[in-house]
Structures are given as C-alpha cells and as structure tokens.
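Participant: fold the following for me, if possible:
(one chain, ligands or ions: 3)
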Amino acid sequence: MTVTLLDTISQPQDLRKLSLPQMDGLAAEIRSLLINTVAKNGGHLAPNLGVVELTLAIHRTFDSPRDKIVWDVGHQAYVHKILCGRRDKFHTLRQHGGISGFPKRSESEHDAFGVGHSSTSISAALGIALARDLSGRDNQVLAVIGDGSLTGGQAYEALNHAGHLGTRFTVIVNDNEMSIAKNVGAMAEYLAKIRSDPTYSRVKRDIDNALRRIPAIGDSVAKTLERAKDSLKFMLVPGMLFEELGFTYIGPIDGHNIAGLCEVLQATKTMNGPVLIHVITQKGKGYSPAECNADRFHGIGPFCVESGETLQCGNRPSYTSVFGDELIKLAADNPDIVAITAAMPEGTGLKKFAERYPKRFFDVGIAEQHAMTLAAGLAAAGKRPVVAVYSTFSQRAFDQIVHDICLQKLPVVICLDRAGIVGEDGATHQGVFDYAFLRSAPNLTMLAPKNETELRQMLAMALKHNGPCVIRYPRGCTLGIPFATESLPVSIGKAERIKLGSDLTLLAIGSAVEECVVASDLLASSGIRAGVVNARFVKPLDEEMIRSLSRETGVLVTVEDGCLAGGFGSAVAELLIDKQLKWVKLLRLGFPDEFIEHGTRAQLLKQYGLDGAAIAEKAASFFREYGAK
Ligand SMILES: Cc1ncc(C[n+]2csc(CCOP(=O)(O)OP(=O)(O)O)c2C)c(N)n1
Ligand SMILES: CC(=O)[C@@H](O)[C@H](O)COP(=O)(O)O
Ligand SMILES: [Mg+2]
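Facilitator: Ligands and ions are numbered 1, 2, ... in the order given. This next block holds a predicted model:
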C-alpha cells in the first residue's frame, strides 16, 4: 500500500517535517479528500478548497492546541479538522453521529471556539488573548475571518475594542471577494481597492524599509519621520483603515503560496499589539466546477465529482422557491413591496426578485440586525418590506424585531426560512427557537404554513396586515401532496380543521401538521380516533378552536418542530391555564431542552419522537393513560 503524505500527519506539528514542495503535494492530497468527501456527504466545499494553503501555513507555523485558532463561521475548517486528528473520521462529516461541519470545543482540543454564525471570531479571539494576558501565558491567538464575515457588525465592534486595548493577537482576513454570493458593501470595495493596486504594497514596503535603515536617531527626528510615515501611509498605504483602528496591517499577500504565508505568519509572532494580515485566496481553488461556481459550491448537497452536477432527490419545489416566486407576483401589484436579505439572496429565494426588481432589493451583507432596523425604517416611511432570513440567524436581531419593529407596530414581514430542523448543519443552525423567543413580542403575528399553498396564502395575508408578521417555514422540498381538506383562506388567529376525531386531537403547527396526518392514520389502525387541527398561528392562538377541542375530546397533543420550552405547546398550555380549561389532558411534543446535533431531518425527527410513527406511539400511550373516559 502506498503511503501518502497525509498518512504522515497525525498532528499539526508533523507538518514541520515536510519540505515546502511536499507541502504543495499535501495540499493536492487534501483537496482530493475534500472533494470526494463532500461529493458524498454534502457540505461547504468551495470555502475549504480556498483555504488549504492558508490552513497548512497556519498549522506549520503555530503550535495548536497551545496556540489558539478561532475560525469565523467555521464552515472553512475542514482542512483544520483533517490536520488536527480527525482525518480518520472525516468520512463521517456532517453525518448523524459523525463529526460536525463546524469547529466544536467538545470535538477536539484544537477547536478553540465553537462557531457556525458569522462575525464572532475577532471577539472570541480577543477574549482568549485577554485571558492569556491576565493569566501570564504567552501563547499566540489567531482569528481567521472571511471578507463576507467582515460585513457583520460584531466584527467592527471587536476591531474597535481590540485596537483600543492594543492586545497582542492576529486577525487573518481571508479575502476571496465572495460571501456566499458576491460580497457586497463599502468594506468589500475597500478590500478590492487594496487588492487591485499593487503599488500600494510596494510603497508601504519602501517606506518601512527606509525608516528601518535609519540608525540611532534623536527623538524629535524619529517623531518627525514617524509623522511623515503616517501621512504618507494615509495617502499611499493599503489597510490604512485598519492601521487607524490600531492594527498593524500586513498585505495583501497570496493565500496560495505556502512559503510566503509561513514567512509572514512567523514574523507576526514577535509583533506587539493587534496585527491584521490580509490574505487573498480563490474560493473553490483546485476544482474547476467550484472555481467557476463558487456560489453553488459554497454549501452543496451530494454531487458527481466528474461533472459537478448535484444529485437531486425529487423535483418538488422548495419552500424557499415558492416564497421567492410568490413574492415576485405580489410585488407586481404592489410597488411598495421591497425585499431584504442578509447576504443570502439564493438561500432565501430572493435572487430572482433581485433580478426582476433590482431597485427594490437590498442585500445588506451579513447584518441581520441592520436588516431588521432598515426594514423598520422603510416601513415607517410607507414601504412594505419583506425580510427573508434563516430562522437561526434571526436570533441575532431579537432586539431590532422587538424594539424597532414590534414596539412601533410597523408592517414588516419577516420570512424565517430554515425554521425547525435544518439537518446536517447541526446545532448552530437548527431553527428551533423562533416560536419561543418571538411569541413574547407584543403586536407580533406569527404563523407557519403546513404546505406550499398555505405559504402563498400567508404571504399575501401578511402583506395586507397592518403590523409586524413573522412567517416561518422549513428547509427543503414542499409536500406536493393534497391534504384531506383544501386550505381555507387564512385569517388572523384562525386555525384549520384537517380531520375530525372523537378520542383526541393532534394540534399541530407548520411542518408538524404533515406528520400528524400520518400519525392520525396510524392511530386509526389501532382504534384511536385522532383529529388533526392545523393551528396556523402561534400568535394569536385560536382560542375559540381550542375551547371547542377541549369540550370535544378533552385530550390535546400539541406538535411542533421547535423547542418545547416557551414554544407553541407552551402557548397552548398557558391558554388552558389562563382560561381555566383545566380538565384538558395536554401532551406537548417538540424538541427538549438541549441543542440538536446534526443528522438528516428524518433521522432527527425519529430520534426525538417527532415523525408520524413516533407521534402516534406517544399519543396512543398518553391516551391510554389519561384519555379513556
Ligand atoms: C449570522 C450569520 N448570518 C449568515 C450566515 C450564513 N453564512 C455562512 S458563510 C457566509 C458567507 C461568509 O463569507 P466569508 O466570510 O467571506 O467566507 P467564505 O465562504 O467566502 O470563505 C454566510 C452569509 C451565518 N453563518 N451567520
Ligand atoms: C455556513 C452557513 O451558515 C451557510 O452556508 C449554511 O450552511 C447554508 O445552509 P443551507 O444549505 O440551508 O442554505
Ligand atoms: Mg469570502
């Protein structure tokens, strides 16, 4: 059996045994492992292909886990995982029970900080560096942040603080000119300006070298020269913005040249204060389908390595595309409708809207908080903004939703895609908290469709409603199957009966309705007549319907693809208590008080007893214990 270079690397320090040409060979081996694994499991291919050399250089130069490396988002940390003891498990990437697609402290001592959401790395690395200084240790601390993640406000809060403190640590900006889509905003333009003008780097180097060559000079001369250097730098030197913030800026440097990277990284080890290294990489490097289509290969499902074609399962449209298409239709009749995404035009289904109505579309960068307040401003001035964002990322913007939108009763429609279980991205991305944290906001209407028809109806309704509305829907394909009853028109606070039943009622919301229809059929085969009600609204709840159900069967099973604590079932329990409907026997099904790890949606629903079969089983035993009159 031939021994590969990768076989010789069991810990990052082993990299130092390789010559530089061998490092290039290792980079090729790693690329092949990345491509073949992601082709089977799905995952973030293009971001990882782009950082192979950068990760090799970091681990060759620094001493992990003693030195701490914090990855921003962490979707580009596969190479780090391969080098840091997880090569043997790499085939389990993102699979149920396998290694996570993101750094995780519980997975390895090399994962200095858990991530998944963007723009946190500088804050976390600064915290780690401060703790080091307070404890008198002398290890190195690095944050690796992409140009896209540098559009997030938290990154600036951290730069601002770090520059002020003067703490010794290094920020590496991995600039590939891409967020998921093309990067946007003034910072992206600033980085592009630095990148595209090579004279900047030369002039900076010349000035710095000239100053270094001047021997022992008096204080005042030195100060004058420093000032001269500063004013020249202001005009000529790249990265002046970062220097003004208190960072030493180095760059731009080629992120695919291992020798050059190692040299620069080595030099930073002895520098005082915060350093920012600007590295230029190509997203998708080394695999032409990903180089040509970095956007599609940012995060991709299983695909064919030869052609780069995705292996599709079924051809039903996604909730995302149903939303996007419907919004385009509604916008044709209402010129006040505008749409906002936080760096996810494709993922939220707004790409076509952007093409159709470019002036009515805003990609704000990875800035969910800004997106919400921007929408509030637009609404305050008479527009009908629709903010489409993943449920998990909306967590960032809780205050903006409460304080800027709900408090002022502004008619903003927030469409939460990827609500409930998202699957392979795992704990950082499951959209299970939205019912719980949003239903506490006064003036908010919150609803979830059972299928694509209802999503269309809900969007139309929300855009007519004179107040804030949140619609949440899951990742993946729509049902494409008819329900027993056709959807009734959606009116605020009104639930929909799907099926009558005299023993118990499954009261479900969103994608749980489908599972409850299956459960009801299974219950029927064991002699239990279970009705199904589609709640539609978590806020306001349909009190009249719940009162009727409490009289009809007196046994309610609430089912949601969200967390139990504070969620839909909790809302029903509160109503039963507040309205003194105390005879009702209530079973709440949803996710327990823990983070839900990665796996397929089907695996996770089964594991947590939320698929049709498990719901039927739990409902049956509850009915046997409490229901029989
Ligand atoms: C708060 C938050 N919003 C959105 C996302 C989705 N997201 C993941 S990676 C990414 C783009 C990041 O771009 P960049 O940092 O440049 O990394 P690259 O993929 O280009 O290497 C986005 C928008 C996220 N993870 N977190
Ligand atoms: C890393 C990240 O946050 C995104 O890339 C996310 O993984 C995309 O998820 P979808 O695949 O559901 O669009
Ligand atoms: Mg990028």
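
Participant: is stretch 295-313 positioned near ligand 2?
Facilitator: Yes: Stretch 295-313 comes into contact with ligand 2 (CB under 6 Å from any ligand atom), by way of His298, Gly299. For glycine as for every other residue, the C-beta is placed from the backbone atoms N, C-alpha and C.

Participant: buried stuff in that stretch?
Facilitator: Buried residues in stretch 295-313, counted by 16 or more other CB atoms under 10 Å: Asp295, Arg296, Phe297, His298, Gly299, Ile300, Phe303, Gly308.

Participant: can the helix or strand in which Ser321 is found be found next to ligand 2?
Facilitator: Using DSSP states H and E, Ser321 falls within helix 319-333. No: residues of helix 319-333 are not located near ligand 2 by CB under 6 Å from any ligand atom, the shortest gap being 8.4 Å.

Participant: tell me what that helix is packed against?
Facilitator: Here helix 319-333 touches strand 337-341, helix 351-356, strand 413-417, helix 452-464, going by 3 or more CB pairs under 8 Å, 6 or more residues apart in numbering; DSSP states H and E.

Participant: which positions in the stretch 51-200 of the chain make contact with ligand 2?
Facilitator: Taking CB under 6 Å from any ligand atom as the measure of proximity, the stretch 51-200 of the chain contacts ligand 2 at Val73, His75, Ile180.

Participant: now the phi/psi pair for the second one, please.
Facilitator: In terms of degrees, to the nearest 10, the main-chain angles of His75 are phi -70, psi -10.

Participant: check the last one too.
Facilitator: Reported as degrees, to the nearest 10, the phi and psi values for Ile180 are phi -70, psi -50.

Participant: now do the first one
Facilitator: Backbone geometry at Val73, expressed as degrees, to the nearest 10, gives phi 70, psi -50.

Participant: pretty sure it sits against Gly152.
Facilitator: No: Val73 is beyond contact range of Gly152, at 9.7 Å (criterion: CB atoms under 8 Å).

Participant: what packs against the longest strand along the chain?
Facilitator: Secondary structure assigned by DSSP state E gives strand 555-563 as the longest strand of the chain. Packing contacts for strand 555-563, counted by 3+ CB pairs under 8 Å, 6+ apart, involve helix 434-438, strand 504-508, helix 512-525, helix 543-552, helix 568-578, strand 585-591, helix 612-622.

Participant: of the ones you listed, which is nearest ligand 3?
Facilitator: In terms of CB to the ion, the element of these nearest to ligand 3 is helix 434-438, at 27.3 Å.

Participant: following the least confident helix or strand in the chain by mean pLDDT, which helix or strand comes up?
Facilitator: Least confident helix or strand of the chain, by mean pLDDT, DSSP states H and E, is helix 219-236 with a mean of 49. For helix 219-236, the succeeding helix or strand toward the C-terminus, using DSSP H and E, is helix 240-244.

Participant: residues touching the helix or strand just after that following helix, excluding its own?
Facilitator: Where DSSP H and E defines the elements, the next helix or strand beyond helix 240-244 is strand 248-254. Contact partners of strand 248-254, identified using CB atoms under 8 Å, 6 or more residues apart in numbering, comprise 173, 175, 194-195, 201, 237-240, 242-243, 260-261, 264, 267-268, 271, 273-280.

Participant: same thing but 7 Å
Facilitator: With CB atoms under 7 Å, 6 or more residues apart in numbering as the test, strand 248-254 has contacts from 194-195, 201, 238-239, 242-243, 260-261, 264, 271, 273, 275-280.

Participant: chain center to that strand: distance?
Facilitator: 28 Å (CA atoms, centre = their mean, to the nearest Å).

Participant: shared neighbours of Val73 and Gly152, anything?
Facilitator: Each of Ser118 lies in contact with both Val73 and Gly152 under the rule CB under 7 Å, 6+ apart.

Participant: more neighbours, those two?
Facilitator: Applying other CB atoms under 10 Å to Val73 and Gly152 shows that Gly152 carries more neighbours, namely 28 against 25.

Participant: Arg439 versus the more buried one, what's the distance?
Facilitator: Counting by CB to CB, to the nearest Å, the separation of Gly152 from Arg439 is 27 Å.

Participant: equivalent analysis for Asn174, please.
Facilitator: Look at Asn174 and Arg439: by CB to CB, they are 39 Å apart.

Participant: give me the more crowded residue out of those two.
Facilitator: Counted by other CB under 10 Å, Asn174 and Arg439 do not tie: Asn174 has more neighbours, with 26 against 21.

Participant: can you give me the pLDDT of Pro238?
Facilitator: At Pro238, the model reports a pLDDT of 76.

Participant: swap in Ser196?
Facilitator: The predicted local confidence for Ser196 is 81.

Participant: paired strands for the longest strand of the chain, with orientation please.
Facilitator: strand 504-508 (parallel), strand 585-591 (parallel) (DSSP bridges).

Participant: what's the most buried one of those?
Facilitator: Counting by mean count of other CB atoms under 10 Å, strand 504-508 has the highest mean neighbour count of those, with a mean of 30.

Participant: check the residues of the stretch 51-200 of the chain next to ligand 2 against ligand 1, which are close?
Facilitator: By CB under 6 Å from any ligand atom, the members of those lying near ligand 1 are Val73, His75, Ile180.

Participant: could you find the closest non-adjacent residue to Ala294?
Facilitator: Lys283 (4.0 Å; CB to CB, 6 or more residues apart in numbering).

Participant: correct me, but that neighbour touches Asn48?
Facilitator: No: between Lys283 and Asn48 there is no contact under CB atoms under 7 Å: 9.6 Å.

Participant: so, in contact with ligand 3 or not, stretch 290-305?
Facilitator: No: against ligand 3, stretch 290-305 shows no contacts by CB under 5 Å from the ion, the least distance being 8.8 Å.

Participant: please state the offset of that stretch from the chain centre?
Facilitator: Put simply, stretch 290-305 sits 18 Å off its chain's centre (CA atoms, centre = their mean).

Participant: quick one: end-to-end length of it, please.
Facilitator: 11 Å (CA to CA, to the nearest Å).

Participant: can you give the contact residues for it?
Facilitator: With contacts defined as CB under 7 Å, 6+ apart, stretch 290-305 is touched by 35-36, 38-47, 49, 178, 180-181, 282-285, 289, 309-311, 346.
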